[in-house]
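Asker: From the sequence below, what's the structure:
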Amino acid sequence: MTDTPLARVRVLEIGAFIAGPFAGQLLGDLGADVVKIEPPGSGDIMRRYGVCVDGRSLWWPHIARNKRSVAIDLRDARGRDLARRIAERCDVVLENFKPGTLAGFGLDYATLARANPGIVLVHVSGFGQSGPRSAEPGFGSIISTEGNLIVLSDKGELLIFGKDSPGPDSELSLGLISRPEPVARAKVLSGTCWTPPSLADGRLYVRNAKGEVRCVDLSWQ
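Answerer: Next up, the predicted model:
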């Protein structure tokens, strides 16, 4: 469609699980052409995450909607080269690996910007790309605990993780599946937060005062 806000924006999504891919889902909902990299064979873990029917996750049709997937092995040099060539034709690269992983693949901002000076690189991680906790792995259960999301309820009751948990009486709804677990809420919130500030009338404006495109470093913290 050409009448959507991001109809002329192409996004390369490199990541898995929820936080980064949910941001990619929102961009796709706004009309962006989202190309998602998945590992060969098993595909994205979200294909098997949570409640499954006939072996298929109920999450997957939502978080993968409006996306085109390509199987690329980033552990292989040929796969990394292919990912770089795709990034050359994209406006945004969105990733949610542990900080340093993308650079290890040779897909850091400096490398991507040499071939595509207008690229916007968006990092989504637990504690940011720099700082005292940047090396710590981030996961929704950690962030939701620190942010008290797991204790939100009308009665102030502690939410116990697990499929048998009744969940709180009042909860942050994802609009996807009833009673989503807190790990998902924390990741979805982070994916939601970066998207609107980065877009205006279909134009990316993640730039400094000189008009230069910059990286976006979003942590769940």
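
Asker: Tell me where the chain has strands.
Answerer: For the chain, the strands defined by DSSP state E occupy 10-14, 33-38, 52-53, 56-57, 67-71, 92-95, 120-125, 199-200, 203-204, 216-219.

Asker: can you redo the ones you listed as CSV with distance to P132 and mean pLDDT?
Answerer: C-beta coordinates here come from the backbone N, C-alpha and C atoms, glycine included. Below are these laid out as CSV (distance: least, Cβ to Cβ, whole Å; pLDDT from 0 to 100):
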stretch, distance to P132, mean pLDDT
strand 10-14, 26, 95
strand 33-38, 30, 96
strand 52-53, 39, 90
strand 56-57, 36, 88
strand 67-71, 35, 96
strand 92-95, 22, 91
strand 120-125, 14, 85
strand 199-200, 31, 43
strand 203-204, 30, 50
strand 216-219, 12, 72
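
Asker: Using CSV, lay out these together with distance to A110 and mean neighbour count.
Answerer: Below are the strands of the chain laid out as CSV (distance: least, Cβ to Cβ, whole Å; neighbours: other Cβ atoms under 10 Å):
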stretch, distance to A110, mean neighbour count
strand 10-14, 16, 24
strand 33-38, 20, 22
strand 52-53, 41, 10
strand 56-57, 36, 16
strand 67-71, 24, 14
strand 92-95, 13, 25
strand 120-125, 10, 25
strand 199-200, 24, 15
strand 203-204, 19, 14
strand 216-219, 15, 19
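
Asker: Nearest approach to G20 belongs to which of the ones you listed?
Answerer: G20 lies closest, by Cβ to Cβ, to one member of those: strand 120-125, at 4.7 Å.

Asker: For stretch 91-103, measure first residue to last.
Answerer: Using Cα to Cα, to the nearest Å, the end-to-end distance of stretch 91-103 comes out at 19 Å.
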